[in-house]
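> the following block contains a protein sequence and its predicted model.
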Amino acid sequence: MDKILLEVKNLRAGIEGKEILKGVNLTVRPGEVHAIMGPNGAGKSTLSSVLAGDPSFVVTEGEVSFHGVNLLELSPENRSHEGLFLSFQYPVEIPGVSMVNFMRAAINAKRKYFNQDPLSASEFLKLMRQKREVVELDNKLASRSVNEGFSGGEKKRNEIFQMAVLEPRLSILDETDSGLDIDALRIVAGGVNKLKTAENATIVITHYQRLLDYIKPDFVHVLYKGRIVRTGGPELALTLEERGYDWIKQEIDNK
Amino acid sequence: MSALSQYIELFDSHRDTIEAKSAAILNEYRYDARQSLDGKTLPSKGTEGYEKTSVEDMFLPDFGVNINRVNIPVDVSLSFKCDVPNMSTIMAFVVNDSFVPSSTLHNKMPKGVIIDSLAKMAQENPELVRRYYNTLAHRDNAMVALNTMLVQDGVMIYVPQGVVMERPIQLVNIFNSAASLMGVRRLLIVVEEGAKAQVLVCDHTQNSEYNYLSSQVMEVFVAPNASLDIYDIEESSATTSRHSQLFARQERDSQLLVNGVTLTSGTTRNDYHIDLVGSNCSTTLAGMAIGSGTQHVDNNSSIRHLATHSNSNQLFKYVLDEESTGAFEGAIYVAEGAQFTEAYQSNRNLLASKQARMHTKPQLEIYNDDVKCSHGATTGQLDADALFYMRSRGIPEQEARTMLMQAFMVDVIDMVKMDGLRDRLRHLVEKRFYGQQATCADCGVTCRDAKKD
């Protein structure tokens, strides 16, 4: 398959003058699942934040093309409309903004972007009901403020619920397994797998191999010191699980 | 010429007219008030308690005062398009500073309840008015004295012993004039033992071509075991300033809620003086201000716990955008004998622009050991993490900001106990943040009372 969904070329970015990404290259095609692994501080979360357009990071060099669109020129909201979704490692609590208003604003903003009329109240409620089932999200959470008082598992399920509603072309799951017990992990991973099609793609950012038992990657990349230093198949994740990151660090540091 | 001297001069040269067009009891206090102003000035910016607000500047423009009580024709049904939806209120109007009953006002009144012109009541029921009028307001305060010197009419609300008012009372203050005008407004609220009432006051400006100043003094008496809720919503215009002073006295086992909302105005200064003279009182004082343009909103509260086992809770929140400025100064005083007091105060503010400024000064003064008191003030900006989270879901930045500002006000809105008003307020706040003039014109709700009038 030649179609490219995401092409990252020599991406350099940092925060407050400190460079964290030092030339990342990555190509993702439709239907693929990529895992990005790496030791703490390698830049994994920075990569996901930069791709989603977090304004606290500054891109200093490189290009990112998203189905032919220059991603770096787009606002975070337009990246979302164009089909990028970031599942946050730490979903933000927003007291006073109800889940319902939040999702309605998100959906209708996307519809407006594509010159569609807003959803009617009944269409909207129907959509919410359908999508909640993907991650078995409790109806009562919908009437609460965004993520406020949600348990760790509920927050992550809420992320996948939003992903189900927005139907992105590329989902980046940033440490989605952190803070999850095994049951919640199964539900979240199950949700991600249900949403997988031949047209969309997923980047799974994780520190541990555990999540990859549930979400099977086609490619595994190791990010270290702001660069992808090794790429392999699913077996690379197993090797890392067994041997840790030290051997890769040594290899790279001794070069 | 100082702001004060122009009004003193007005009084000195027109005292006969002012008195002829008012009532005896109101006239009784006039001259003393006048004398007390000799040698005084109105507070200017930087005076203690007025760090950021110049009352002098508010009163300085040459406002006219309608001392001849010229009837300024206002079509109240036109000017006030919206009732509170889903709520039937007992409504009356104050046009500039004259009381105007709605046509249905007296039909709806429970027995013994008075909602009427203060001047008229002073003539018809002088004993009652004399018992309360000008007994609570601080007479040594220059703004109170100015108001007392010039006031010719006002509103009296009286709820007799044991009467529980099911319908809220709604007072609509309207400015409309063909010249710049100062409205000298006075409100007397008495809720007798065991009685219960809710009062909603809304400030509107109909003809905003001219400048207006509201000089308002409210005296509020809450008898033992009585309950009173006051909602005071200011939704006027950039050309309207408001100087309002509330003096309340609570007796044992009483409950008072005051929720002051500033949506649109020019300069606003609200003073709240609440004395808890009996035990077991409960007081909630809440306020919100939404500032934009060059608006300035200053709330100043003083709650005095003078007896045991009472609790008070204060929450003031501001969202200031563009070049607007805000000030809050709140004092809790707990007297020596007021053991087992619980008193809390919180002021939280959001600055939505680089130019907006907030000044806050919480104070506690406690003279015994057996109390639970706290105060806190925070001023910050919109949560950048929440903003990015919302944008990453496709919500445009401006809309996300608006949603967060609205969300910030939720707890003040939730302190409104009337369902219909809470929904209405939510709607008004939303419209205010979306930059629309928060009038009722297009709310789409059929307003029963306004139509009947």
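Perfect, I can see it now.

> so where's the stretch 1-150 of chain A uncertain?
Along the stretch 1-150 of chain A, segments meeting pLDDT under 70 span A:1-2.

> at 50 what do you get?
A:1 (pLDDT under 50).

> all strands of it, in order?
A:6-15, A:18-28, A:33-37, A:58-66, A:69-70, A:84-87, A:94-98, A:145-146 (DSSP state E, counting those that start in this stretch).

> deepest in the core, which of these is it.
strand A:84-87 (a mean of 27; mean count of other CB atoms under 10 Å in any protein chain shown). Quick note: C-beta positions are derived from backbone N, CA and C, even for glycine.

> of the strands of the stretch 1-150 of chain A, which approaches chain B most closely?
strand A:94-98 (2.8 Å; CB to the nearest CB).

> would you put the C-alpha positions of that closest one in PDB?
Extracted in PDB, the C-alpha atoms of strand A:94-98 (Å, rounded to 0.1, in the frame of the first residue of the first chain):
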ATOM      1  CA  ILE A  94     -13.000  20.700  33.400                       C
ATOM      2  CA  PRO A  95     -15.400  21.600  36.200                       C
ATOM      3  CA  GLY A  96     -18.500  23.400  35.100                       C
ATOM      4  CA  VAL A  97     -18.400  22.100  31.500                       C
ATOM      5  CA  SER A  98     -20.800  19.200  31.100                       C
END
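
> just confirm yes or no for that strand near chain B.
Yes. Strand A:94-98 lies within reach of chain B by CB under 8 Å from any CB of the partner chain, at A:I94, A:P95, A:G96, A:V97.

> right, so of the strands of the stretch 1-150 of chain A, which gets closest to B:L421?
Taking CB to CB, strand A:94-98 is the member of the strands of the stretch 1-150 of chain A nearest to B:L421, at 18.5 Å.

> show the backbone phi and psi for B:A179.
phi -160, psi 160 (degrees, to the nearest 10).

> that older thread, now the strands of the stretch 1-150 of chain A as a markdown table including distance to B:N107?
What follows is those, written out as a markdown table (distance: least, CB to CB, whole Å):
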| stretch | distance to B:N107 |
| --- | --- |
| strand A:6-15 | 68 |
| strand A:18-28 | 73 |
| strand A:33-37 | 73 |
| strand A:58-66 | 68 |
| strand A:69-70 | 67 |
| strand A:84-87 | 60 |
| strand A:94-98 | 41 |
| strand A:145-146 | 44 |
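
> looking at those, which is closest to B:K40?
The nearest among the strands of the stretch 1-150 of chain A, by CB to CB, is strand A:94-98 at 44.7 Å.

> just how off-centre is that closest one within its chain?
23 Å (CA atoms, centre = their mean, to the nearest Å).

> neighbouring strands - and their directions - for that strand?
In the sheet, strand A:94-98 lines up against strand A:145-146 (antiparallel) (DSSP bridges).

> is the following helix or strand past the partner strand positioned near chain B?
Per DSSP states H and E, the first helix or strand lying C-terminal to strand A:145-146 is helix A:152-166. Yes. Judged by CB under 8 Å from any CB, helix A:152-166 comes into contact with chain B at A:Q162, A:L166.

> from the chain's centroid, how far away is helix A:152-166?
That offset, for helix A:152-166, works out to 11 Å (CA atoms, centre = their mean).

> return the set of buried residues in it.
A:153-166 (16 or more other CB atoms under 10 Å in any protein chain shown).

> again with stretch B:354-361
Buried-residue list, stretch B:354-361, by 16+ other CB under 10 Å: B:A356, B:R357, B:M358, B:T360.

> sec struct for B:G278, please.
What DSSP: H, G, I helix; E, B strand; the rest coil gives for B:G278 is coil.

> so which strand or helix has the residue of the stretch 201-350 of chain B found nearest chain A?
Nearest residue of the stretch 201-350 of chain B to chain A, counting by CB to the nearest CB: B:K317, 11.0 Å away. Using DSSP H and E, B:K317 falls within strand B:311-320.

> what of B:G260?
strand B:255-264.

> can you pull the buried residues of stretch B:315-325?
Within stretch B:315-325, the residues scored as buried using 16+ other CB under 10 Å are B:L315, B:F316, B:K317, B:Y318, B:V319, B:L320, B:D321, B:E323, B:S324, B:T325.

> follow-up on the earlier one: so what sits opposite the residue of the stretch 201-350 of chain B closest to chain A in the bridge?
So, taking DSSP bridges as the rule, B:K317 has B:M288, B:R348 as bridge partners.

> I'd guessed it sits against B:T360; true?
No. Look at B:K317 against B:T360 with CB atoms under 8 Å: they stay out of range, at 11.2 Å.

> can you check which residues contact both of the two?
Common contact partners of B:K317 and B:T360 (CB atoms under 8 Å, 6 or more residues apart in numbering or on different chains): B:N347, B:N349.

> next, count neighbours for the residue of the stretch 101-250 of chain A found nearest chain B.
Scanning the stretch 101-250 of chain A for the residue nearest chain B gives A:A106, at 4.3 Å (criterion: CB to the nearest CB). Neighbour count for A:A106, taken as other CB atoms under 10 Å in any protein chain shown: 24.
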